[in-house]
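[1] after the sequence you'll find the predicted model.
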Amino acid sequence: MTVLKVLMVILGLVRVVFGAFILLAPGQFLDTMGLGTLSDTARFFMGAVGVAWISVGAWAIYAVGDLARNIIAVKLVITMELLNAAGMVYSGAIGFMSFGDMALPIALAGVFAVLLLIFYPWRAGQPAKQ
């Protein structure tokens, strides 16, 4: 199994599990980070985030069956991780949360994005790096 496939499976599983947690128990999810209670509107948007993470995670896992054929799913996962990290940095920059509270999620999204980019098969027809 290539490094890219391993990364896609790990990231897919993480996104599905955390997405389900966010969807089914948004208050408890935020409690794990020491954050306050949620309004109904915030619960609605947390559910939407959970569904998005589950979807991306499921596609990441599905894509490993044939990476060449499902390369668009790899691009989707890379884009999601880059935007996820950028969105959290932006939230910190405008004062929604402190960078200390978001350091680990930002680092994880950034590391996954960089690793996926490193092992991405850049030339058409080039197999993923081993």
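    Good, I have the coordinates.

[2] distance between the helix-or-strand element of the chain with minimal mean pLDDT and the chain's centre?
    Within the chain, confidence by mean pLDDT, DSSP states H and E is lowest for helix 26-31 among all helices and strands, at a mean of 76. Centroid displacement of helix 26-31 relative to its chain, using CA atoms, centre = their mean, to the nearest Å, is 18 Å.

[3] same for the helix or strand just after it, what does it pack against?
    Sequence order places helix 40-63 as the next helix or strand after helix 26-31, per DSSP states H and E. With contacts taken as 3 or more CB pairs under 8 Å, 6 or more residues apart in numbering; DSSP states H and E, helix 40-63 sits against helix 3-24, helix 26-31, helix 71-93. For glycine as for every other residue, the C-beta is placed from the backbone atoms N, C-alpha and C.

[4] for this protein, which spans come out with low pLDDT?
    1, 33-36, 124-130 (pLDDT under 70).

[5] do you know how far Arg69 is from Val14?
    Look at Arg69 and Val14: by CB to CB, to the nearest Å, they are 23 Å apart.

[6] residue closest to the middle of the protein?
    Glu81 (4.9 Å; CA atoms, centre = their mean).

[7] and the closest residue to that one other than its chain neighbours, what element?
    Counting by CB to CB, 6 or more residues apart in numbering, Glu81 lies nearest to Ala113, which is 3.9 Å off, once chain neighbours are set aside. Assigned by DSSP H and E, Ala113 belongs to helix 99-119.
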